[in-house]
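Trainee: Here is a sequence together with a model predicted from it:
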Amino acid sequence: MTTSSTPKQSNTNRKLVERHTASAKPRLHNEAARRRAAQRQRQKVLQRMRPFESLLPDIPSGARVPLPRIELGPLWRTLTSRLLWIVIGVAAVIGGLTAWVSLDERWYVYREDVHFNGLNYLDAEELWVLSDIDGWQIFWIDGDEVRRRLLQNPYVADARVYISPLVTKITADVTEVRPVALWVTDAGVRWLRDDGLALEPRGATPPGLLEILDAPADATLPGAAKGAAIDPAVLHSAQALANRMPGVAPLRYNALVGLNFRLPGSPYWVYWGDDENVEKKLENLAAAETLLARGEAQGSVIDVRFERPYIK
């Protein structure tokens with residue numbers, strides 16, 4: 001059976017073919033335009049890369065760049081090494097101990113953990129403040145540094161610091177200053193340390209100390225505040241004299257003649273001076289006494305500060 005198309009159907013088919021052909025022409029035109037645009041974009045990219053490629057070393061065309069070869073054998077042997085895991089375990093233990101010591105309060109020092117021995121007139125609280133270790137971790141405390149701080153107190157002659165880390169305890173054996181002489185001035189009586197430093201008396205003053213009477217404090221160490229420290233040369237000269245002639249105390253001092261005193265058992269006054277040339281001065285004093293006893297010289301003052309004695 002043969003199918004025949006009507007004039008109406010033929011017109012319809014013709015219109016569809018024409019519409020398809022009309023729509024295909026713009027599509028083909030658009031695709032060609034896109035290809036040309038893509039070609040121009042690739043050319044621009046290549047032009048930009050040429051300067052960069054000129055900086056790279058020459059590589060033959062078509063040559064393959066070998067990639068680095070990774071050997072996993074040594075890495076695997078390291079990961080399976082017993083020594084490695086031992087080291088990791090030790091490091092973990094040390095890290096845990098460090099964290100424990102850093103965080104646990106028992107390793108930190110407070111007032112009740114510090115003890116001061118040998119105190120008679122000093123106050124433990126002032127030494128505690130001076131030590132400056134409140135809240136410090138016990139393992140970070142340096143005993144020598146604590147001792148240095150304690151010695152900043154002029155009444156501390158020496159200190160020995162003992163640290164017990166495992167029980168978090170610090171003990172300081174303190175030696176208090178004991179005066180070697182007394183300096184009597186218009187400002188009052190001062191204790192004298194062996195280095196000449198003058199201190200306000202604290203506690204009971206030891207009996208029998210050498211006294212140096214110096215009302216205007218003329219024997220003050222040059223450069224020091226008035227009455228803050230005696231010249232060590234004056235102090236040591238007075239000590240040497242008192243040791244050889246115990247009966248001469250008290251000694252006096254003035255700016256003109258230095259140390260001076262009345263000769264025990266006689267009406268004579270002695271100008272002793274400042275320096276420690278004790279033997280020479282004692283020789284001059286003995287010679288002067290001999291001259292006075294023989295009547296070969298007269299006077300009331302014996303000056304032994306020079307090479308030969310002077311009687312006036």
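Mentor: Alright, I've got the coordinates. Numbers count the residues shown, from 1 in each chain.
Trainee: what domains does the record give for the protein?
Mentor: Taking automatic domain parsing as the domain assignment, the ranges for the chain are 105-176, 181-311.
Trainee: can I get those in a markdown table with mean neighbour count, mean pLDDT and distance to Arg36?
Mentor: The C-beta positions use only the backbone N, C-alpha and C, and glycine is treated the same way. Shown next, in a markdown table, are the domains of the chain (neighbours: other CB atoms under 10 Å; pLDDT from 0 to 100; distance: least, CB to CB, whole Å):
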| stretch | mean neighbour count | mean pLDDT | distance to Arg36 |
| --- | --- | --- | --- |
| domain 105-176 | 15 | 94 | 78 |
| domain 181-311 | 16 | 93 | 99 |
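Trainee: will you turn the ones you listed into TSV that also has distance to Gly89?
Mentor: Shown next, in TSV, are the domains of the chain (distance: least, CB to CB, whole Å):
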stretch	distance to Gly89
domain 105-176	23
domain 181-311	57
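Trainee: Compare those domains and give me the one nearest Gln39.
Mentor: Proximity to Gln39 (CB to CB) singles out domain 105-176 among the domains of the chain, at 74.2 Å.
Trainee: now what about stretch 262-276, what contacts it?
Mentor: With contact meaning CB atoms under 8 Å, 6 or more residues apart in numbering, stretch 262-276 is reached by 231, 233-234, 236-237, 240-241, 245, 247-248, 251, 257-261, 281, 285, 289, 292, 299-305.
Trainee: Check the separation of the first and last residues in stretch 268-276.
Mentor: End-to-end span of stretch 268-276 (CA to CA, to the nearest Å): 21 Å.
Trainee: Equivalent analysis for stretch 302-312, please.
Mentor: Stretch 302-312 has an end-to-end distance of 7 Å (CA to CA).
Trainee: Repeat that for stretch 112-123.
Mentor: In terms of CA to CA, the two terminal residues of stretch 112-123 are separated by 15 Å.
Trainee: got a list of contacts for that stretch?
Mentor: 124, 127-128, 131, 133, 153, 155-156, 168-176, 202-204.
Trainee: Tell me which of those residues fall in helices.
Mentor: Ala124, Leu127, Trp128, Ser131 (DSSP state H).
Trainee: What is the nearest of those residues to Ala92?
Mentor: Nearest to Ala92 among those, counting by CB to CB, is Ser131 at 36.1 Å.
Trainee: That closest one and Glu176: what is the separation?
Mentor: Distance of Ser131 to Glu176, computed by CB to CB, to the nearest Å: 16 Å.
Trainee: ok, now Leu285?
Mentor: From Leu285 over to Glu176 (counting by CB to CB), the distance is 37 Å.
Trainee: cool, Ile133 as well?
Mentor: Ile133 is 21 Å from Glu176, where distance means CB to CB.
Trainee: The most centrally placed residue in the chain in helix, strand or coil?
Mentor: By CA atoms, centre = their mean, the chain has its centre lying nearest to Glu145, at 8.6 Å. Counting by DSSP: H, G, I helix; E, B strand; the rest coil, the backbone at Glu145 sits in helix.
Trainee: any idea how far it is from Val114?
Mentor: For Glu145 relative to Val114 (CB to CB), the value is 14 Å.
Trainee: Please apply the same query to Gly273.
Mentor: Taking CB to CB, one finds Gly273 at 48 Å from Val114.
Trainee: Same check on Val161?
Mentor: Noted for Val161: a distance of 10 Å to Val114, by CB to CB.
Trainee: shared neighbours of the two, which are they?
Mentor: Residues touching both Val161 and Val114 (CB under 8 Å, 6+ apart) are Ile170, Thr171, Ala172.
Trainee: Save these as CSV, and put in distance to Arg149 too.
Mentor: Converted to CSV, those look like this (distance: CB to CB, whole Å):
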residue, distance to Arg149
Ile170, 12
Thr171, 15
Ala172, 10
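Trainee: Can you flag which of those residues belong to strands?
Mentor: Among those, the ones falling in strands (DSSP state E) are Ile170, Thr171, Ala172.
Trainee: how about the first one, what does it touch?
Mentor: The contact partners of Ile170, taken as CB under 8 Å, 6+ apart, are Val109, Asp113, Val114, His115, Ile133, Ile138, Ile141, Val146, Val161, Tyr162, Ile163, Ser164.
Trainee: Pairing partners for it in the sheet, please.
Mentor: Val114, Ile163 (DSSP bridges).
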